[in-house]
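> Predicted model and sequence follow; I will ask about them next.
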Amino acid sequence: MTDQLDDRRKKLIFRSWHRGTREADLLIGSFAKENIPNFTEEQLAQFETIMERSDPDIYNWMTGREEEPEELKGDVMNMLKDYRFTGKRGA
């Protein structure tokens, strides 16, 4: 089980650094590098769901330009929003 979680973490970190735009790579990639190693399985699932969305949507939610959909609200989205403004790791 731990190996599977480690593989998921590695894949998510890689995907976070390879989003398609340099800005998203830096913002989401640095967040992932700092936070994913400590994520629970539930938080990994939340982040995977967020990563399925487009860069502009994620950026707008992180900056408060738009409210995220109800199904994306949770620990990880709150951590992303906090990271956007502080550059620090979530709770």
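Done, it's in.
> For the spatially most central residue of the chain, which residues are in contact?
In the chain, the centroid-proximal residue (C-alpha atoms, centre = their mean) is Phe47; its distance is 4.9 Å. For Phe47, the contacting residues are Leu12, Ala32, Ile36, Phe39, Val76, by C-beta atoms under 8 Å, 6 or more residues apart in numbering. Backbone N, C-alpha and C define where each C-beta goes, glycine included.
> so which of those comes closest to Glu68?
Val76 (10.5 Å; C-beta to C-beta).
> Surely that closest one and Ile50 touch.
Yes: with contact defined as C-beta atoms under 8 Å, Val76 counts as touching Ile50 (6.4 Å).
> more crowded one of the two?
More neighbours surround Val76 than the other of Val76 and Ile50, with 24 against 19 (other C-beta atoms under 10 Å).
> how close does the more buried one get to Trp61?
Computed as C-beta to C-beta, to the nearest Å, the Val76 to Trp61 distance reads 11 Å.
> now Phe14
22 Å.
> Same check on Arg53?
Separation of Arg53 from Trp61 (C-beta to C-beta): 8 Å.
> Please say which of these two ends up with more neighbours.
Ranked by neighbour count (other C-beta under 10 Å), Arg53 and Trp61 place Trp61 first, with 21 against 13.
> any idea what sits nearest that one, other than its immediate chain neighbours?
With C-beta to C-beta, 6 or more residues apart in numbering as the criterion, Trp61 has its nearest non-adjacent residue at 4.1 Å, and that residue is Glu68.
> The one you found against Asn78, yeah?
No: checked against C-beta under 8 Å, the pair Glu68 and Asn78 is beyond contact range at 9.9 Å.
> Show me which of those two is the more surrounded one.
The neighbour count for Glu68 versus Asn78, taken as other C-beta under 10 Å, is higher for Glu68 (20 against 13).
> Let me know the secondary structure of the more buried one.
Under DSSP: H, G, I helix; E, B strand; the rest coil, Glu68 falls in the coil class.
> Work out the gap between stretch 23-32 and the centre of the chain.
For stretch 23-32, the separation from the chain centroid amounts to 8 Å (computed by C-alpha atoms, centre = their mean, to the nearest Å).
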